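K.L.:
predicted model, plus sequence, below.
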Amino acid sequence: MDKAHFDQITERTGTASLKWDRYPSEVLPMWIADMDFPSPAGIQEALIKRVEHGVFGYTHPDVSFKEVIISWYSTRHGWQLEPDWIVFMTGVVSGLNNFCQAFRDSYHSVVVQTPVYPPILHAPEAAGLQKMEVPFSREPDGRYSLDLDALEQSFQGGKCQFILCNPQNPTGRVFSQPELEAVADLCDRYDVVVCSDEIHSDLVFAPHRHIPFASLRPSTAQRTITFAAPSKTFNIAGLSCAFAIIPDPGLRETFKNQVESFSGHTNALGLTAGLAAYTTGGGWLQSLLEYLTANRQYLQEYVRKNLPGVGFYPPEGTYLAWLDFSGFRIPDPARMLLDRGRVALSPGIEFGNPGRQFVRLNFGCPRQVLANGLDRIALAVTKELLS
Ligand SMILES: Cc1ncc(COP(=O)(O)O)c(C=O)c1O
């Protein structure tokens, strides 16, 4: 797949796109986490073939789906899965809520690290559980790191669940082996049940490497439910197909019962697309990562040259950039950018209090669109400084 494939602009208006329909047409959307690239040809072909069949009754995952997931995990993430461990579900957000609901009688609180993807922030309270927020530490250069002391304190009350997000949305951190080992030690010490949202695991920039939390050691595998999906990797979020990996039979049984009762079936087209993605999408993914790496570089240089007051630490994974506007001392940076620059980014406050002065930018788009968005941000900043 060459660069031209990703440079190509695909008109998305008129497709009921959440990203493109939320704002008036003159606003450039760079908020929600889907990309503006067409999915790999293998996915499109499989979908066309399935649609041409014309009958869309209740569908279960093809027997080969688990095999391709096992092979994907073993070659890409060095984790050997058993077929029984895989539980299909309609999406990771419903999975997060099902996780909190399924175990709420045995636990009284859920620990989350902030800033974090909003549905992770809200799932505990939606299940009637107490939420404990542990903010990440921030280094002077803007890089986020784990606050292990605060994490340990939050576990000390006992009987708690923990939702880890790795690669982390919105900071773009991909946690290293020593960092994950330190978290695993704490989880072992305080007997914490973990939900590890790893939906961005395929979108990691070299030299960083995704390490599935549950793959660290047997005790971690037994206490962890891992969430993954082909949706971010191959841009098929509208097709609702995801899965959980649960080595422990007890956790699996409880979670599976919850999902089957409350979340319904994965749909026929999502299953078709997911299977085709893991079967045929490896080469496309490699090209995507090269393109996103170059976008990240472009973004970094642009911020350095043209947005001197904006803080930015390059993400290690995801196609999301977390931009620090605290130097501007304005109450709502996303609103300012929308009003003055006609560019829509995700307001940082949605990711919890530490995000108040930040915005999240989605750079999963053709370079030309990224350049346009950054010019709009620079224009907005100039107007703001002159006001
Ligand atoms: C960390 C994280 N989890 C889950 C999701 C969404 O998952 P799904 O579309 O499968 O519900 C996203 C989407 O941005 C995400 O960033």
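P.N.:
Cool, the structure landed. Numbers count the residues shown, from 1 in each chain.

K.L.:
what is the burial count for Tyr323?
P.N.:
No, residue 323 isn't Tyr; it's Leu. Counted by other Cβ atoms under 10 Å, the residues lying close to Leu323 total 24. Heads up, the C-betas are built off the backbone N, CA and C, glycines and all.

K.L.:
what strand or helix carries it?
P.N.:
If you go by DSSP states H and E, Leu323 is part of strand 320-324.

K.L.:
list the buried residues in that strand.
P.N.:
Within strand 320-324, the residues scored as buried using 16 or more other Cβ atoms under 10 Å are Leu320, Ala321, Trp322, Leu323, Asp324.

K.L.:
list the residues that contact the closest residue in space to the last one that isn't next to it in sequence.
P.N.:
Going back to what we said before, that points to Asp324. Nearest residue to Asp324, sequence neighbours excluded (Cβ to Cβ, 6 or more residues apart in numbering): Gly311, at 3.0 Å. Neighbouring residues of Gly311 by Cβ atoms under 8 Å, 6 or more residues apart in numbering: Gly142, Leu323, Asp324, Phe325, Ser326, Gly327.

K.L.:
phi, psi for Gly311 please.
P.N.:
phi -90, psi 140 (degrees, to the nearest 10).

K.L.:
how far does the worst-scoring helix or strand of the chain on mean pLDDT sit from the chain's center?
P.N.:
When the helices and strands of the chain are scored by mean pLDDT, DSSP states H and E, helix 3-7 comes last with a mean of 90. Remark: helix 3-7 is offset 23 Å from the chain centroid, using Cα atoms, centre = their mean, to the nearest Å.

K.L.:
what of stretch 5-18?
P.N.:
21 Å.

K.L.:
for the closest residue to the ligand within the stretch 201-350 of the chain, which non-adjacent residue is spatially closest?
P.N.:
Taking Cβ to the nearest ligand atom, the ligand has its nearest neighbour within the stretch 201-350 of the chain at Ala242, 4.5 Å off. Leaving aside its sequence neighbours, Ala242 sits nearest to Ala229 (Cβ to Cβ, 6+ apart; 3.6 Å).

K.L.:
do the same with Cys241
P.N.:
Excluding the flanking residues, the one nearest Cys241 by Cβ to Cβ, 6+ apart is Gly270, at 3.3 Å.

K.L.:
domain ranges for the protein?
P.N.:
Annotated domains of the chain cover 3-41+282-386, 55-280 [automatic domain parsing].

K.L.:
could you dump these to CSV with distance to Leu47?
P.N.:
Output for those, formatted as CSV (distance: least, Cβ to Cβ, whole Å):
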stretch, distance to Leu47
domain 3-41+282-386, 9
domain 55-280, 6
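
K.L.:
which ones are touching Pro83?
P.N.:
Lys66, Glu67, Ile70.

K.L.:
what's the host helix or strand of the second one in contact with?
P.N.:
It refers to Glu67. Counting by DSSP H and E, the element that carries Glu67 is helix 63-77. Defining contact as Cβ under 8 Å, 6+ apart, one finds that helix 63-77 is touched by 79-83, 86, 88, 201-202, 210-212, 215, 243, 245, 271, 274-275, 278-279.

K.L.:
related to what we said a few turns ago, show me what the strand holding Leu323 is in contact with.
P.N.:
Contacts of strand 320-324 (Cβ under 8 Å, 6+ apart): 33, 115, 142, 169-172, 296, 299, 303, 310-315, 345, 348, 357-363.

K.L.:
list buried members of these by neighbour count.
P.N.:
By 16+ other Cβ under 10 Å, these give 33, 115, 169-172, 296, 299, 303, 310-315, 345, 348, 357-363 as buried.

K.L.:
filter the residues you listed by proximity to the ligand?
P.N.:
Restricting the buried ones among the contacts of strand 320-324 to those within reach of the ligand (Cβ under 6 Å from any ligand atom) leaves Ala33, Asn169.

K.L.:
so how far does stretch 79-98 reach from one end to the other?
P.N.:
25 Å (Cα to Cα, to the nearest Å).

K.L.:
report the secondary structure element holding Phe88.
P.N.:
Using DSSP H and E, Phe88 maps to strand 86-89.

K.L.:
so which elements touch that strand?
P.N.:
Judged by 3 or more Cβ pairs under 8 Å, 6 or more residues apart in numbering; DSSP states H and E, the packing partners of strand 86-89 are helix 63-77, strand 242-245, helix 249-262.

K.L.:
centre of the chain versus it, how much separation?
P.N.:
In terms of Cα atoms, centre = their mean, the centre of strand 86-89 is found 18 Å from the chain centre.

K.L.:
could you give the angle of the helix or strand that comes right after it to helix 249-262?
P.N.:
Per DSSP H and E, strand 86-89 leads on to helix 92-102 as the next helix or strand towards the C-terminus. With axes from the mean of the first three to the mean of the last three Cα atoms, to 10 degrees applied, the angle from helix 92-102 to helix 249-262 works out at 110 degrees.

K.L.:
helix 92-102 near the ligand at all?
P.N.:
Yes. Helix 92-102 reaches the ligand (Cβ under 6 Å from any ligand atom) through Val92, Val93.

K.L.:
same check, this time on stretch 19-31
P.N.:
No. Using Cβ under 6 Å from any ligand atom, stretch 19-31 stays clear of the ligand, with a minimum separation of 10.5 Å.

K.L.:
and that stretch, end to end?
P.N.:
So stretch 19-31: terminal residues 7 Å apart, Cα to Cα.

K.L.:
may I have stretch 2-18 as CSV, with CA atoms only?
P.N.:
This file holds the C-alpha atoms of stretch 2-18, laid out as CSV (Å, rounded to 0.1, in the frame of the first residue of the first chain):
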residue,chain,number,x,y,z
ASP,A,2,1.6,3.3,-1.0
LYS,A,3,1.4,6.7,0.7
ALA,A,4,-1.0,7.9,-2.0
HIS,A,5,-3.7,5.6,-0.6
PHE,A,6,-3.6,7.4,2.7
ASP,A,7,-3.2,10.9,1.1
GLN,A,8,-6.4,10.4,-0.8
ILE,A,9,-9.3,12.4,0.6
THR,A,10,-12.6,10.5,1.0
GLU,A,11,-15.7,12.6,1.3
ARG,A,12,-17.5,11.5,4.5
THR,A,13,-20.3,14.0,4.6
GLY,A,14,-23.6,12.3,3.7
THR,A,15,-22.6,9.0,5.3
ALA,A,16,-24.2,9.7,8.7
SER,A,17,-20.7,10.0,10.2
LEU,A,18,-20.7,11.0,13.8
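
K.L.:
great, nothing more from me.
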